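Colleague: A structural model of the following input is requested.
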Amino acid sequence: MPDLVLKNIKKKYPAFTLDVDLEVRQGEFLSIIGPSGSGKSTLLNIIAGLESPDSGKVLFADEDLTDVSVQKRGFSMVFQDYALFPSMNVEKNLSYAMKIRKMKRGEQKENVKALLDFVNLSGYEKRRIATLSGGEAQRVALARALSSQPRVLLLDEPLSALDASLRRHLRDEIRRIHDERGNLTTIYVTHDREEAFSISDRIAIIRNGRIEMIDTCENIYRQPKTLFTAYFTGDGTGLPAELFSLELDADTIFFRPEAVRVPADGLFYGDSDAYIILENTEVVSAEFLGRNYLLGLSWQGHRLLAESFSRPQSRTITVYIRKTQLLFFRDNELVT
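Modeller: Sure, this is the predicted structure:
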């Protein structure tokens, strides 16, 4: 059952108009991704109550929260800059919401200790905010968001200021915190598709204020409903359908790099009828990714991407594209 429902939400801006219907399930981890300026943070702010829609409703468990204040929604938000109080130590940052709720001092200390244990920062109670590393500050911000026992946890690009290795570690921690909190509903805004794919139950792709697609990570990657979604969520190649004698009502053929076979010895072993064969394909680039190479290829003036377990030894090769992994689009919409 949906926990959070956005119904006919509209908000007009000079660059775009946010126009969204969205249902988020109880206990779900939903990520919202899209280009800069597409409306990701605006949508999160409307859910939090930091901005009001021009029209539409925000519902939680069938309760209309559209005109309810931020403080009374029971949601918590972690911002990109963490928004911690620099003049307070870690303990005071975490107990701030508890004081507002008039929690007893002894209970505050117990809760602070439990929260720090939960985010792996035991013993940090007296540390000043200015002395924390980026990763530590992010954990404190998470702990503070959880201190009010929120019904929904909202995160607005919380890892964007951290280096790549720390981001990978902390995104796993965020997912762990979500899972161990049981029925906590989490909505996570990011511009990083790898981040979203690694931790989400579902992903919503937003473009120009509208949701292009919302589905599981696997379905979005393998069966994107729009050509924009296909390109935005992973490497791929789009070729004009007219180049091939395929009787389909499509104008674009799209495929991922893993759909392309590049025989290491130049000899193909398999059923050639199951593949589109592109001869005289030029190798333009070969990027080593660790387990394999990402090849940039050129065929009849069109750029292709392919995966290969070895660097091609010849400048000109023949490649084989598996037909069962082709996606067909007309007017940017998936043909099913």
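Colleague: Only C-alpha atoms from now on, for both contacts and neighbour counts.
Modeller: Noted.
Colleague: so how far is the lengthiest helix in the chain from its chain's centroid?
Modeller: The longest helix of the chain (DSSP state H) is helix 164-180. How far helix 164-180 lies from its chain's middle: 13 Å, per C-alpha atoms, centre = their mean, to the nearest Å.
Colleague: Need the contact partners of it.
Modeller: By C-alpha atoms under 8 Å, 6 or more residues apart in numbering, the residues outside helix 164-180 that reach it are 29, 118-119, 135, 159-160, 184-186, 195, 199.
Colleague: Just the buried ones from the residues you listed, in ChimeraX syntax?
Modeller: Entered in ChimeraX, the line below selects the buried ones among the contacts of helix 164-180, by 16 or more other C-alpha atoms under 10 Å:
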select :29,118,119,135,159,184,185,186,195,199
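Colleague: Flag the least confident of the contacts of helix 164-180.
Modeller: Among these, Ser160 has the lowest pLDDT, at 79.
Colleague: unless I'm mixing things up, it is touching Gln80, no?
Modeller: Yes - in terms of C-alpha atoms under 8 Å, Ser160 counts as a neighbour of Gln80; the distance is 7.0 Å.
Colleague: Can you pull out the low-pLDDT segments for the chain?
Modeller: Within the chain, the stretches with pLDDT under 70 are 1-2, 266.
Colleague: okay, which residue is most central for it?
Modeller: Nearest residue to the geometric centre of the chain (C-alpha atoms, centre = their mean): Ala196, 2.7 Å.
Colleague: got a list of what Arg235 touches?
Modeller: If you look again at residue 235, you'll see it is Asp, not Arg. For Asp235, the contact set (C-alpha under 8 Å, 6+ apart) comprises 256-257, 305.
Colleague: Ignore what I typed, I meant Arg222.
Modeller: Here Arg222 is in contact with no residue (C-alpha under 8 Å, 6+ apart).
Colleague: same check, this time on the one 3 residues further on
Modeller: If a contact means C-alpha under 8 Å, 6+ apart, then Lys225 has 212-213, 333-334 as its contacts.
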